[in-house]
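# Below are the sequence and a predicted model; questions follow.
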Amino acid sequence: MVSLLASLALAGNGFDYNHSDVRWHTLETEHFFIYWPESKKDPSHPHYFTTAFTAATLAKIAEESYGPITDQFDYDLKEKTHVMLYDQDIGWEGNGFAVAELDQTGFPGMWGSLFRQRGRMEFLEDVFVHEFAHIVSLKAYLPWSEDSTGLELGGLVEDEEWLKRWGAKGGASNINADIGASIILSAHTPFWWAEGGAEYWSHQAGYNFWGTSRDAYLRMSFLEDRVLDNDEWTTRADKEGFDGERGYNQGYAFGLWLRDHYEGRDVYSEMARVSGERWHWTWDKVVEEATGDDAQELYDLWYADRKAHYEKMEAEVEARGLVTGREMWLTQPLWEKPGDEDWAEMTKPQRDEEMDGETAYIEMPSYSPDGKYAAWFDRGLYIRQIRPEEWGAIGGKYVDPEDAKAAKAWSRRTAGIDWPSYWKAKWSRDNRILVTGSEDLTSPALMELGLTANLDGKNWNQLVIGEIVDDENQLRLKWHKVPNTLRAEESAWHPDGQRIAFSRYDDGTTDLYLIGADGTGLERLTNFGDGTQIQGLEFSEDGTKILTSLFKNYQQDVFLFDLEKRTWERLTDSAADEVDPTFGPDGKVWFASDLGGISNIYSLDLATHEARKQTEILGHAYGPEVTPEGHLFYTATTGHGFRIFGVRDDELKNEVVEYPGICGADATSCFDLDGFMLHKPVLADAHSVSKPYNVLKAQMPFNIWPVVRTTDKNVEIGASAYLGDYAEEHYLEAQVTAGKDTYVYLGYYNDMFWPHLNMGYARYQYKGTYGYGNDLDGVPETDDVSVVDIKFEQASDDLWLYSSYYLSDYLFVSAGIDYSRYSFRDTGDGNRWAPYLDSVGLGAYIEWSPHGSSYAGDDWINPRGGRRVIVDYQYRISNLLDPEIGGSVIDDGQRFDRYGYNRVMVAWTEYIPLFERHTLQLDFEGGYIDRNVIGWDEFIAGGRHPYHWGNGTVGNNTQFSGYEGYSLYGETMMIANASYRFPVARELDLKIGPTYTDAMYLQFFGTAGNLWSYRVEGDTHLEGYSVVPDDSSSVRREIPFKDYAAKNSIPGKPNYVLTDVGAELRVRQFIWNDFDWDSFLRVSYGFRPTAGYGDVNSDLIQSSVARDAATELSAEYERPTFRVYAGLGTGW
Amino acid sequence: MIPFLAALVPDATAGVFNTKTMHGEWPDRQAQREHVLPKGWMQLDVSVDNKTTHSFRDEDGTKLRYDDRVAWSYTRMWLRFDQGFSRRIRIYMHVPWVEARLRNDHGTLISTRALGDIQTGIVYQPVIGKRLALAGKLEVKAPSGVEWPGNFIGGPTGTDTFLTGTGITNVGVHALGRLLVLDGLAFSLDAAFVWKVPGIVGYVVETDGFGNGWLDPGDELVAHGTMVHNWTRDFALSGDIRASFRTPYRIGVSGPSVWKAELDRMPGTAGGFLDLGMAASWEPNPHIELKAHFRSQVLGADTTHFAALGLEEFSPQPGTELGAGAVVRW
């Protein structure tokens, strides 16, 4: 149930929410289907939106770029590409995806704030051509059918005791071993070729260029010795911080270099052709065949070439006199401390990690007009009461990192919130702060915990004002939303503090608006309708003009908007990108510009048209903020992330420069403002050329994954397949495997309505054999057991219908109904199944995982810093059907035929981060069934290998891994587990053949708890095998800890509490570049002997002797033993 | 189903059956076909075959006729899915549903209808596009059919139902060859060794009726030759000859430490069979094929072993099999 419900966590229509209020349109062109959404609501509704303009723009870009991309691969597509345009909600602006085998690409219409760092503004063109290059390259390179891009192989051997059963000699030890392996055979490409290639091919097609921001990424990576080596850049999935961006960047640069190295030969495309010929063990072989040269040698040549280039560039900049300032930190960064001993003692990986910190994105500083408060982004928005001079970068004095008192004092003067979007925060003159946040903003504390409810699926941006609460103990803010500002991005306070200017996104374009701080008097100031993007907003001192930069018609310049006249004044008209303009205290306009190839901060005197260069940096500057005292803060690209730098006013470069394109500087500049502002692209009317979305005509290609696996000493072969439409309204998946066991699964998902709906059918038909141990004298210890082989077949048929919904990022709810029938047949039954049990359940499931449900990067192997809480409730009815036993079963001294019961299970896990990546994980699982039930319906626990499939185990696999799987039963379950996990080796980046090893962790764990059932008081049965029930008054529920668990206790050895300890080595690996291939070795020891149902010791011989006259429990028992679990590529 | 699929195939906008650039070229003539499907092609074959017989072979392989009222009918409906996984690899899953019917000399009809043993396999052809095409094939037959007699009063032969599977896993290793003599004429050969993995089966029962025993149904050597001729581009006729020889069966009681070496040989179970057949195929376009065939057993060994259970794989009864089917490709 748990795993099934968790698997329902599927995205609908590109987002977590289904948005049944959206109408999809299909715009078909010669080579593409473009699916674009539009709200069904009335245009006056606050949540109304359309993407008609974006779709028409996209259609034009798509057809124009089709030939330039496909020609590079000589791969003209017979199939059309299906393009999904998403705009219903926010969440992944600035990103896109491509699934070549499904002929699909998709991305949001909203550009988001990321393009600021990318330094290239034509997002739609950029992202589309990049993704389309993926589609074509990943088709051309594929040696296999697109319908089956992978093949899953796996196997598991559980419990070596069966070997004894089949005659294996020796091995007197009582160690149990479960050993599994799993691998996906797949076509594969390295990170640098896949992503760098998409950049390169879009460059070759004329839709991308090696801009100044890209050059800065690579330059700083070289200058800080952070370039990914030839092993590291093959794999994307382990990359954190800037390393992810580096894969794109280096791959792109490498492609350009190879083109020049081979005198114009397009070897990147050649690699696609070589790979498409046949499957290669590693990509190095592809490189070798395509170029005739060794991959490592080529890398070395490229590295040397670029290193020399950037070192030369560095020397040139330094010759001009570096004006960088220092990073904005309270304590002095070690790397800015010349001769620091700690720094000197660090290894390079340690230094890299120290510099990387927790995030690559520390940016967009903002100072209150009185210089009292600073705000900036660093994994959320930070606000600190700090004067500019109190930063070491400006004042020269840093906080002593050993000074706990000072650290505490600064902590009190700092507030951090994680919900604002990354748009620059703006201060009013009375120190109110304006940010762009969520329309679903409620209590910050509740948002932090995820205990909120998004009931309409919308989470658009909206302006939010924060007022500082005067509290001596802790800096706090009180937040309130500004009505009528949905889809706001940039914003600025009017000097009167009563009005706000903001930019609003709508269908690919942003426009300028004015509104009262209380949300009244909304006024639209522009109506561009051409894809214009507004970047940075600031009012002039007198409040009559708004300063901004516009990206319009492929140009990024600075403008002034006259509020009264409603006219534009252009300040720059240059080939350089001028971004993030702001007024300095001197009345000058300060902005960032990549004039000359490196983005620096400039100031412009509007009266004299004199431009001054204020910084001279090696990276790439943006987002200047000038304090009332004249100090400069700005964000710059470094090798370890975007970082905020501070420069004292008297350290600024302040050099007058020739700046071509300053308007008004001469008579020829900026001559056609009206023509520029009124420019509109010529596009089709998307509504008139589109048709309603047709599910049948928007079906994805049929896709299957062959599966070969071996479990239970047999082989199952089959395939999984899926069908679905591109808007994800309907989704059908199936799996069929055949072998000794036959498995059929058919699942249907519907995402047309408010919640996700899922219904399905599964049939698992299992053939098994066991030895029936006929103990002649009934004494297990004597060697007189005659074993008879018995073969049987059982089947489970499951039907279910569930609905699910994400109330928040951290809160998932589901409810549904399920039905199962279990049947048996064996010799004498022919093709007739004998039904054994019907089980119907009505249930609800809640998962609350604040920061604890989606661990990635290093936290994948070592989840930390979060919580996962699951509550699973079911009301179930069981109906015994087996005619051979009169439709009833005797269990725990009671007869059962048909009964209903309530079942609730709670699982709580805390991932407590300790020092240096050490983690203490605490798990608790409790379960309660409110009456006596048959063994099948009880909670079941015991160690399980992660590759084991079929009925699941209890939560985390380290829990009770010291005991045999499926060996512990009861109606009451209480299990507590503690694990202490720490790194053995990190950042290994060890590439051997197709494998890539990233990290190893070791954890020690221990478990205590038990499962308690019902017991019969006294020895009242007439026969051992429970043919007669007891008097109901003699059957009672066991009380945890007060009673021992009779069911799993050997007579005379009561188990009040079961305990185990163990250790586990985890290895985080990838194969074929980016497929997870995690492995583990776990050894555990259960301290107590156990008893139970059936084949307790799992030797495949079931004793004929019952344990005692009170139950049907077996006389077999399992001694305390070591258990070994090993998995190669199975996960843990 | 076939008309439904066929209707969709030519529709380039129906993504499920889209013709893609990655698809390999489909050879017009059947004689020119490789052992593998062209890359990216999928093939769904729905067909039926039936063998009705009034005879069996005794321990000498002599064909003897039952009482005129006795008729054994063995029908299989096949759902065969094949895929051109890559240029050189074909994978497949062939699923049979079996209907076994016996009308005995009292006129009583006994029949069973159930899933049979599913076959899955992989074909690898290292070189393609040559007149001589050589390939290897690995096929696994899963014991997915019914292996339970309906009752075992007086032993399992007293069953009132038939089995549709052997309860045994087969692993077959095949060597495939095809020589294209002319553009429309080809000869092919499939030589195989089939290992039948010994195991406990539901129809071998201890004499006291409690517990199941082990069976090793011997291994099998198969040679299957085919000549195919395209009379026109669309129409092909083929003839084939299939010879098989199986090693003796062995059987054993249950109990601990039982393995193949400890089983007892069943006398008279080794033997061979020879079948001849013909087939016709019409392909109006690369996406559709209609086909029919017949095959007749001309020589054979004892067909009485497990015959009462209806296990045709172990005891193929003498007779003529007729079959027809339709194939959709995309």
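Good, I have the coordinates.
# I'd like to know the beta-bridge partner residues of residue A:985.
On the basis of DSSP bridges, residue A:985 is bridged to residue A:1000.
# What's the local residue count around it?
13 (other Cβ atoms under 10 Å in any protein chain shown). (Each C-beta comes from the backbone N, C-alpha and C, glycine too.)
# Could you do residue A:416 as well?
Around residue A:416 there are 15 other residues, counting by other Cβ under 10 Å.
# average pLDDT for whichever helix or strand it is part of?
For residue A:416, the enclosing helix or strand under DSSP states H and E is strand A:414-417. In this model, strand A:414-417 has an average pLDDT of 92.
# contacts for that strand?
A:380-385, A:444, A:474-477 (Cβ atoms under 8 Å, 6 or more residues apart in numbering or on different chains).
# Partner strands of it, with direction?
strand A:381-385 (antiparallel).
# Work out the gap between the helix or strand following the strand it pairs with and the centre of the chain.
With elements assigned by DSSP H and E, the helix or strand that comes after strand A:381-385 is helix A:392-395. Mean-position distance between helix A:392-395 and its chain equals 37 Å (Cα atoms, centre = their mean, to the nearest Å).
# number of nearby residues for the closest residue in space to residue A:449 that isn't next to it in sequence?
The spatial neighbour of residue A:449 that comes closest, neighbours along the chain excluded (Cβ to Cβ, 6 or more residues apart in numbering or on different chains), is residue A:850 at 5.2 Å. When neighbours are defined as other Cβ under 10 Å, residue A:850 has 18 of them.
# Go ahead and produce CSV holding the CA coordinates of the helix or strand that contains residue B:298.
In this assignment (DSSP H and E), residue B:298 forms part of strand B:288-299. Backbone C-alpha positions of strand B:288-299 (Å, rounded to 0.1, in the frame of the first residue of the first chain) are rendered in CSV as follows:
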residue,chain,number,x,y,z
ILE,B,288,0.0,-6.1,-43.2
GLU,B,289,0.5,-9.8,-43.8
LEU,B,290,-2.0,-12.6,-44.1
LYS,B,291,-0.8,-16.1,-43.9
ALA,B,292,-1.8,-19.8,-43.8
HIS,B,293,0.0,-23.0,-43.4
PHE,B,294,-0.3,-26.7,-43.0
ARG,B,295,2.1,-29.2,-41.5
SER,B,296,2.0,-32.9,-41.2
GLN,B,297,3.9,-35.5,-39.2
VAL,B,298,5.2,-38.1,-41.5
LEU,B,299,7.4,-40.1,-39.2
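# Am I right that residue B:297 is in contact with residue B:244?
No. The pair residue B:297 / residue B:244 is not scored as a contact, 10.4 Å apart, by Cβ atoms under 8 Å.
# Quick one: residues contacting residue A:127.
A:94-96, A:107.
# Let's have the residues you listed in CSV, adding secondary structure and neighbour count.
What follows is the contacts of residue A:127, written out as CSV (DSSP: H, G, I helix; E, B strand; the rest coil; neighbours: other Cβ atoms under 10 Å in any protein chain shown):
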residue, secondary structure, neighbour count
A:94, coil, 18
A:95, coil, 13
A:96, coil, 22
A:107, strand, 26
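# returning to that earlier point: which of the residues in the strand holding residue B:298 are buried?
B:288-289, B:291, B:293-295, B:297 (16 or more other Cβ atoms under 10 Å in any protein chain shown).
# Quickly name whichever of those residues is closest to residue A:747.
residue B:288 (30.7 Å; Cβ to Cβ).
# Okay, that closest one and residue B:326: tell me how far apart.
7 Å (Cβ to Cβ, to the nearest Å).
# Just give the number of residues close to the residue of the stretch 351-500 of chain A found nearest chain B.
Nearest residue of the stretch 351-500 of chain A to chain B: residue A:457, at 26.9 Å (Cβ to the nearest Cβ). Residues contacting residue A:457 under the criterion other Cβ under 10 Å number 21.
# give the contact list for it.
A:15-19, A:21, A:88-89, A:754.
# Of those, which is the most crowded?
Neighbour max across these (other Cβ under 10 Å) = residue A:88, 26 neighbours.
# how about the strands in the stretch 1-150 of chain B?
Listed in chain order, the strands of the stretch 1-150 of chain B (DSSP state E, counting those that start in this stretch) span B:42-53, B:55-57, B:63-65, B:71-84, B:89-103, B:109-115, B:119-124, B:132-141.
# buried sites along the fourth one?
Read that as strand B:71-84. Applying 16+ other Cβ under 10 Å to strand B:71-84 flags B:71-78, B:80-84 as buried.
# tally of neighbours for residue A:1068?
Residue A:1068: 25 neighbours (other Cβ under 10 Å).
# quick revisit: go through the contacts of residue A:127 and name the one nearest residue A:999.
residue A:95 (26.0 Å).
# Dig out what the residue lying closest to that closest one once chain neighbours are set aside forms beta bridges with.
Residue nearest to residue A:95 in three dimensions, not counting chain neighbours: residue A:107, with 6.6 Å by Cβ to Cβ, 6+ apart. Residue A:107 has these beta-bridge partners by DSSP bridges: residue A:85.
# Let me see the contact set for residue A:107.
So residue A:107 contacts A:84-86, A:95-97, A:127-128, A:131 (Cβ under 8 Å, 6+ apart).
# again, but for residue A:110
A:87, A:90, A:93, A:505.
# Nearest to chain B among the residues you listed?
The closest of those, once distances to chain B are taken by Cβ to the nearest Cβ, is residue A:87, at 22.9 Å.
# tally of neighbours for that closest one?
For residue A:87, using other Cβ under 10 Å, the count is 26.
# so what pLDDT did it get?
pLDDT at residue A:87 comes out at 92.
# ok, the residue lying closest to it once chain neighbours are set aside - contacts?
Spatial nearest neighbour of residue A:87, excluding adjacent residues (Cβ to Cβ, 6+ apart): residue A:109 at 4.1 Å. Contacts for residue A:109 (Cβ under 8 Å, 6+ apart) come out as A:51, A:54, A:85-87, A:124, A:507-508.
# switch to 7 Å and redo it
By Cβ atoms under 7 Å, 6 or more residues apart in numbering or on different chains, the residues touching residue A:109 are A:51, A:54, A:85-87, A:507-508.
# sec struct for the single nearest residue of the stretch 851-1000 of chain A relative to chain B, please.
Closest residue of the stretch 851-1000 of chain A to chain B, Cβ to the nearest Cβ: residue A:884 (13.9 Å). Secondary structure assignment for residue A:884 (DSSP: H, G, I helix; E, B strand; the rest coil): helix.
# Low-confidence bits of chain B, can you list those?
B:1-15, B:152-158, B:207-209, B:254-261 (pLDDT under 70).
# Going by proximity to chain B, name the top residue of the stretch 201-350 of chain A.
Relative to chain B, the nearest point of the stretch 201-350 of chain A is residue A:279 (7.1 Å; Cβ to the nearest Cβ).
# At the geometric centre of chain A, which residue sits there?
The residue lying closest to the centre of chain A (Cα atoms, centre = their mean) is residue A:854, at 5.7 Å.
# Mind listing what's buried along stretch A:251-268?
A:251-259, A:261-262, A:266-268.
# swap that for stretch A:353-363, please
Using 16+ other Cβ under 10 Å as the test for burial, stretch A:353-363 gives A:353, A:355-357, A:359-363.
# Looking at those, spot the one nearest residue A:661.
residue A:363 (26.3 Å).
# quick one: contacts for the closest one?
Counting by Cβ under 7 Å, 6+ apart, residue A:363 has contacts A:376-377, A:623, A:635, A:642, A:644.
# How about residue A:412?
Counting by Cβ under 7 Å, 6+ apart, residue A:412 has contacts A:473-475.
# All good on my end, thank you.
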